[in-house]
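Chemist: Please find the sequence and the predicted model below.
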Amino acid sequence: MKPEFDYGDRVRVTRNVRDDGTYPGKDVGDLLVRRGSIGTVIEIGTFLQDQIIYTVHFLEIDRIIGCRQEEVIGADDEWNPSRYESREKVVAGRSFAIDGEVVVPKGTIGEIIKVLRDMPGGVHYHVSFPTKFLCIPESSLEPLPPGVEAPAAVTSGEEEES
């Protein structure tokens with residue numbers, strides 16, 4: 001187990017870092033540092049003797065966060081930014097069909113489950129819609145308009161009768 005980075009190295013976080021309950025003044029799950037942010041390593045340590053943890057100062061937001069080695073890359077390494085992040089609600093910018101049958105109509109609200117940065121043609125997302133789970137290119141999604149609330153998650157394709 002050897003650190004890839006040293007004190008003073010600039011690093012980029014590759015995924016959103018959320019509060020796990022240890023950050024003062026924040027609630028569990030609050031976003032602390034957005035994916036793609038760049039900071040400086042100010043300390044190197046370990047967790048449970050098998051994980052390297054870098055203490056990184058993100059100067060732009062003046063926040064110091066502990067990041068696991070697999071969460072950071074060199075600040076100058078290739079980076080493909082995404083418009084959306086995991087857990088964000090989005091809107092289908094067009095209808096999606098399988099075998100000619102529309103399975104997700106345009107305007108349907110979905111939730112980003114995973115960001116796929118290395119797909120041919122650019123960033124794609126695994127999106128959970130109420131009736132289907134699809135891989136969608138970034139250009140086919142739109143942000144949830146301000147003030148619009150996403151419906152509660154649908155766990156199956158069937159609706160309850162009232």
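Modeler: Yep, it's here.
Chemist: How about residues contacting the helix or strand bottoming out on mean pLDDT in the chain?
Modeler: Across the helices and strands of the chain, mean confidence by mean pLDDT, DSSP states H and E is lowest for strand 17-18: a mean of 87. Here strand 17-18 makes contact (Cβ atoms under 8 Å, 6 or more residues apart in numbering) with Val28, Gly29, Asp30, Leu31, Leu32, Val33, Ile65, Cys67, Glu71. The way it works is simple: take the backbone N, C-alpha and C, and place the C-beta from them, glycine included.
Chemist: Would you write a ChimeraX line that selects the buried entries of the residues you listed?
Modeler: Entered in ChimeraX, the line below selects the buried ones among those, by 16 or more other Cβ atoms under 10 Å:
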select :32,33,65,67,71
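Chemist: From the contacts of strand 17-18, pick the one nearest Lys106.
Modeler: Proximity of the contacts of strand 17-18 to Lys106, judged by Cβ to Cβ, is greatest for Leu31, which lies at 29.0 Å.
Chemist: Let me see the ranges of the strands in this protein.
Modeler: Secondary structure of the chain (DSSP state E): strands located at 10-13, 17-18, 31-33, 38-47, 51-58, 63-68, 72-74, 89-92, 96-98, 101-104, 109-116, 124-128, 133-137, 141-143.
Chemist: Give me the distance from the shortest one to the chain's centre.
Modeler: Here strand 17-18 shows a centroid-to-chain-centroid distance of 9 Å under the convention Cα atoms, centre = their mean, to the nearest Å.
Chemist: same question, the longest one
Modeler: Distance, stretch centre to chain centre, for strand 38-47: 21 Å (Cα atoms, centre = their mean).
Chemist: as a whole number, average confidence for that strand?
Modeler: For strand 38-47, mean pLDDT is 91.
Chemist: Which strands and helices lie in contact with that strand?
Modeler: With contacts taken as 3 or more Cβ pairs under 8 Å, 6 or more residues apart in numbering; DSSP states H and E, strand 38-47 sits against strand 10-13, strand 51-58, strand 63-68.
Chemist: What sits closest to Ile44 if chain neighbours are left out?
Modeler: What sits nearest to Ile44 in space, not counting adjacent residues and going by Cβ to Cβ, 6 or more residues apart in numbering, is Pro3, at 5.2 Å.
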